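Chemist: Pasting the sequence and the predicted coordinates here, then a few questions.
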Amino acid sequence: MNDSPILVLDSGVGGLPYLEAIRERLPYERLEYLADSGHFPYGLKSRGEVERIVRLVVGRAVAELRPKLVVVACNTASQAALAALRADHPELPVVGTVPAIKPAAESTKTRVIGVLATAAAVRDPYLDELVARHARGVRVVRKGAQELVAFVEKRLFDATEEERRAACAEAVAPLVEAGADRVVLACTHFLHVAAELAEAAGPGVETVDSRDGVARRVEYLLKERNALASGPLPPARGRLRVTGAEPDATMARFAERFGLEPGPTLGDLDP
Ligand code: DGL
């Protein structure tokens, strides 16, 4: 059990910065990363469709990889499918990704925070609840930035410096114009361009994400179950797998950047 892997998944490469945070905290754990490229992007699908897909993909991955814990490193998937996943796998701890509204609302000085998310997540009632609970008296400006998701997934390595800057500037402009001094990265893909987003937003604006909270929660749940990997072992190199077609060259570069071996495609999923 202790040597079973932790499964980290997203619609694409967005969960990789979360995997990195987990690896920093728990260097002896075996990590399996799954990019559901076959169904990318989640942010343009309905809540029900995302729930159906994520249940299917996690069900298949759990049967094949037998993880001891699952991290849904995707806000859109967490909002749509977390409750169903926990019902599907009552024996398995499932950690979701929650937009970091609370720390942003607690630290803003201008009393305006921006939320950058997918087209689906930005209008999800779950976000309304988080705002009502944690951002009283703070103005929350939302921006669905689906183009930036596609940019990170497909163009991050090939784009010029200028294209990267333009993609980030377009995403943060309405938030900055509204006076936000905190930008919540409520889509995991945006962590890949956090520095560029902060730079595009200008001095005094900080990005906020939920990486640390997720990694801490993983550690807590494994400790509680006495399921941490037993060290000291050589830190394990994780694997990156995709659904659908074989991993393309961009995916291979992401795997390399995050120190992962490309693994076999997770097949047999319905279209
Ligand atoms: N990375 C995902 C999120 O955090 C979703 C990106 C997409 O597939 O649209 O919401």
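Modeler: Yep, that arrived.
Chemist: Now do the contacts for residue 7.
Modeler: 32, 34, 58, 61, 62, 65, 67, 69, 70, 71 (CB atoms under 8 Å, 6 or more residues apart in numbering). For glycine as for every other residue, the C-beta is placed from the backbone atoms N, C-alpha and C.
Chemist: what's near enough to touch the residue lying closest to residue 26 once chain neighbours are set aside?
Modeler: Using CB to CB, 6 or more residues apart in numbering and skipping residues adjacent in sequence, the residue nearest residue 26 is residue 219, 6.0 Å away. Residue 219 makes contact with 25, 26, 228, according to CB under 8 Å, 6+ apart.
Chemist: do the helix or strand residue 132 falls within and the ligand meet?
Modeler: Residue 132 belongs to helix 125-134 when elements are defined using DSSP states H and E. No: Helix 125-134 stays clear of the ligand (CB under 6 Å from any ligand atom), getting no nearer than 11.2 Å.
Chemist: Dump the C-alpha coordinates for that helix into CSV.
Modeler: Once non-C-alpha atoms are left out, helix 125-134 reads as follows in CSV (Å, rounded to 0.1, in the frame of the first residue of the first chain):
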residue,chain,number,x,y,z
PRO,A,125,-22.1,28.2,-8.7
TYR,A,126,-19.3,26.7,-6.6
LEU,A,127,-17.3,29.8,-7.2
ASP,A,128,-20.3,32.0,-6.1
GLU,A,129,-20.3,30.0,-2.8
LEU,A,130,-16.6,30.5,-2.2
VAL,A,131,-16.9,34.2,-2.9
ALA,A,132,-19.9,34.5,-0.5
ARG,A,133,-18.1,32.6,2.2
HIS,A,134,-14.6,34.0,2.0
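Chemist: State the distance from residue 129 to residue 206.
Modeler: Using CB to CB, to the nearest Å, residue 129 is found at 24 Å from residue 206.
Chemist: Need phi/psi at the spatially closest residue to residue 150 that is not a sequence neighbour.
Modeler: Nearest-residue entry for residue 150: residue 41, 6.8 Å, with adjacent residues in sequence omitted and distances by CB to CB, 6+ apart. Dihedral angles of residue 41 (phi, psi; degrees, to the nearest 10) stand at phi -100, psi 150.
Chemist: and residue 41, what is it in contact with?
Modeler: Shown in contact with residue 41 (CB under 8 Å, 6+ apart): 11, 12, 118, 146, 149, 150, 153.
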